[in-house]
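Participant: sequence and predicted structure are below.
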Amino acid sequence: MSAGDLKQEILRVNNRVNKSLFGNGLRWQKVDIIGQKIIILAENMRVKPLAAIDDRDPVATRLTDIALLNEYKSRLRQEIQESLGLTVRSILKDYDPKYQLAGTIIVVEEKLDDCSDKPEQEGGAGGCSPVRSAD
């Protein structure tokens with residue numbers, strides 16, 4: 001799988017998980033792959049009921065955000081493992097409700113080539129592909 005194909009599949013999986021939990025897709029997202037880390041930055045719409053009470057009760061909305069982030073991470077882990085065949089070691093995620101930005105770092109067991117500096121080649125050759133660690 002080329003770097004572009006892997007990134008596109010990660011974006012599809014991330015958007016699918018977002019839709020399954022919040023009922024709508026992401027406004028935009030970007031993925032970078034570095035070694036064993038997949039880094040996703042995305043903008044998504046704030047959950048309307050939480051946006052309505054953000055100013056009145058920020059502690060309650062933050063606790064709800066944390067519960068939603070935990071559920072999201074669980075679903076994303078399952079989707080990444082099932083759809084991409086990668087073994088997820090850890091998922092770190094946070095969300096800034098003011099700017100509606102979410103940052104996600106997925107650490108996988110497989111060593112992925114550094115996709116950031118490798119150009120795509122025609123026919124899917126080169127780029128980034130999952131490679132098992134030689135542990």
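Facilitator: Received it, and whenever you're ready, just let me know what you need.
Participant: C-alpha from now on. contacts and neighbour counts both.
Facilitator: OK.
Participant: where along this structure do the helices fall?
Facilitator: Applying DSSP state H to the chain gives helices spanning 3-22, 48-53, 58-84.
Participant: can you say which of those helices is packed in most?
Facilitator: Of all those, helix 3-22 carries the top mean neighbour count, a mean of 18, counting by mean count of other CA atoms under 10 Å.
Participant: packing partners of it?
Facilitator: strand 28-34, helix 58-84 (3 or more CA pairs under 8 Å, 6 or more residues apart in numbering; DSSP states H and E).
Participant: make CSV out of the ones you listed and add distance to Glu9 and mean pLDDT.
Facilitator: Shown next, in CSV, are the helices and strands packed on helix 3-22 (distance: least, CA to CA, whole Å; pLDDT from 0 to 100):
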stretch, distance to Glu9, mean pLDDT
strand 28-34, 10, 95
helix 58-84, 8, 96
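Participant: which of those sits closest to Leu6?
Facilitator: Nearest to Leu6 among the helices and strands packed on helix 3-22 is helix 58-84 (8.4 Å), distances taken as CA to CA.
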